[in-house]
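>>> I would like to see how this sequence folds:
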Amino acid sequence: MLRGFAVVSSIFFYSPAVQGSLYLDHLLFQMKRDSGYSTTAEQQKQAEKLWDALKVTACVLGTGLLIFTALATTASWYVQNLWDALGHFWQTTWLKLYYLFEGKEWTIFFLGAALVPSLAFWCFNGILMVADVTGKPTFITRYRIQLGKNDPVDTKKLRQAIYTALCNQFFISFPMLVLMFYIMKRWGNTFSKELPTFYWFLVELSIFTLIEEILFYYTHRLAHLPLLYKHIHKKHHEWTAPIGVVSIYAHPVEHILSNTLPVMTGPMIMGSHIVSIAAWFSLALITTSISHCGYHLPFLPSPEFHDFHHLKFNQCYGVLGVLDYLHGTDTVFRQTKAYERHRVLLSFTPLSESIPEAPKRAE
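Numbering: from 1, shown residues only. So this is what the prediction gives:
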């Protein structure tokens with residue numbers, strides 16, 4: 001029986017089918033083994049290439065870092081020398097002005113906090129009003145944000161805006177500056193013969209901007225409450241397509257709470273020098289004029305944010321947009337073409353052409 005089993009087993013084992021199957025298994029094993037060897041070799045080659053690439057990258061980055069450090073050191077040396085020279089120039093100029101007015105603090109304060117910013121405001125807006133009324137020069141008017149609006153501006157409305165702006169300056173802003181003058185005198189630094197350093201002015205400017213953003217945002221939102229809006233803030237929103245001078249076209253209460261206090265508070269807290277105050281007030285007035293001007297001009301801050309507020313009323317309450325983002329009061333704005341255009345224009349092609357509004361659907 002065992003012998004018969006052995007015979008049957010030998011016949012089965014040595015049959016052509018079984019032999020072919022065993023040979024195929026042997027070939028597959030050998031292919032897998034060879035494949036494993038080739039995969040390992042390829043991995044080694046890839047590792048070598050990666051290592052070579054890392055060495056080249058390290059060499060390039062290291063060289064670049066050394067060159068950058070050398071250039072930065074050289075540049076900082078030249079910048080420092082430039083600032084020192086400019087600092088000497090401004091310090092000398094300030095002392096000449098100080099002695100010209102014989103150190104009369106009120107006269108100096110009036111010139112720095114009232115006259116200089118007012119001249120900056122009306123000179124800048126004078127140019128814009130020429131464009132608003134005449135439609136020229138086209139270099140300005142071609143950058144109009146709300147196409148077809150104020151083209152040309154209603155001269156009757158413009159005269160009313162100018163009259164209100166002047167009244168706000170003479171009968172509200174200037175009396176508030178008198179109060180500010182006595183507050184600043186208590187600090188004792190405002191009329192110092194030594195100017196603040198440029199770096200300290202930048203620190204102050206950052207703090208002024210932050211304080212203005214906080215105070216303006218919340219007083220502005222408060223003014224949009226139905227009762228206050230109806231009796232106070234609605235006057236400012238008569239202009240759904242604003243122009244520059246409209247930046248201080250407001251009800252007296254609004255001019256105090258939203259226009260003047262947010263700008264004055266920073267210098268009063270910091271006890272700033274009169275030169276810093278003059279620069280900040282001028283900058284604040286020109287910036288708000290740009291925000292209201294109705295033109296997205298090249299190389300100037302974008303006015304799209306506040307222009308959209310005048311168009312839609314319930315969006316974009318702040319100056320920088322930081323608090324609007326945190327409170328979600330810019331969500332509609334972020335879904336519009338105006339948001340895409342809300343950037344500094346670095347070319348001479350109007351953004352209304354490069355990023356036009358979507359065509360209106362036919363009803």
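
>>> show me the contacts for the residue positioned nearest the centre of the chain.
Among the residues of the chain, residue 320 comes closest to the average C-alpha position under CA atoms, centre = their mean, at 6.6 Å. Residue 320 is in contact with 209, 213, counting by CB atoms under 8 Å, 6 or more residues apart in numbering. All C-beta spots, glycine's among them, are computed from the backbone N, C-alpha and C.

>>> Next up, phi/psi of residue 316, please.
Main-chain torsions, residue 316, degrees, to the nearest 10: phi 60, psi 70.

>>> Run through the residues that contact it.
Contacts of residue 316 by CB under 8 Å, 6+ apart are 305-306, 308-309, 324, 329-330, 333.

>>> before we move on, the earlier item: the residue nearest to the centre of the chain and residue 213: what is the separation?
Distance of residue 320 to residue 213, computed by CB to CB, to the nearest Å: 5 Å.

>>> Please apply the same query to residue 190.
24 Å.

>>> Between the two, tell me which one has more neighbours.
The residue with more neighbours, out of residue 190 and residue 213, is residue 190; 25 against 18, by other CB atoms under 10 Å.

>>> State the phi and psi torsions of the more buried one.
The phi/psi pair for residue 190 (degrees, to the nearest 10) is phi -60, psi -30.

>>> just to revisit the earlier point, closest one of the contacts of residue 316 to residue 348?
Residue 348 lies nearest to residue 305 out of those, by CB to CB, at 21.9 Å.

>>> that's a helix at the closest one, yeah?
Yes: under DSSP: H, G, I helix; E, B strand; the rest coil, residue 305 sits within a helix.

>>> Assign a three-state SS to residue 317, would you?
Residue 317 is classified as coil under three-state DSSP.

>>> Grab the nearest non-local neighbour of it.
residue 220 (4.7 Å; CB to CB, 6 or more residues apart in numbering).

>>> same deal with residue 105?
Nearest residue to residue 105, sequence neighbours excluded (CB to CB, 6+ apart): residue 191, at 4.9 Å.

>>> Give the helix, strand or coil label for that neighbour.
coil.

>>> can you tell me which residues contact it?
Counting by CB under 8 Å, 6+ apart, residue 191 has contacts 98, 103, 105, 108-109, 273-274.

>>> repeat for residue 336
Contacts of residue 336 by CB under 8 Å, 6+ apart are residue 308.

>>> how near is it to residue 160?
Taken as CB to CB, the span from residue 336 to residue 160 is 30 Å.
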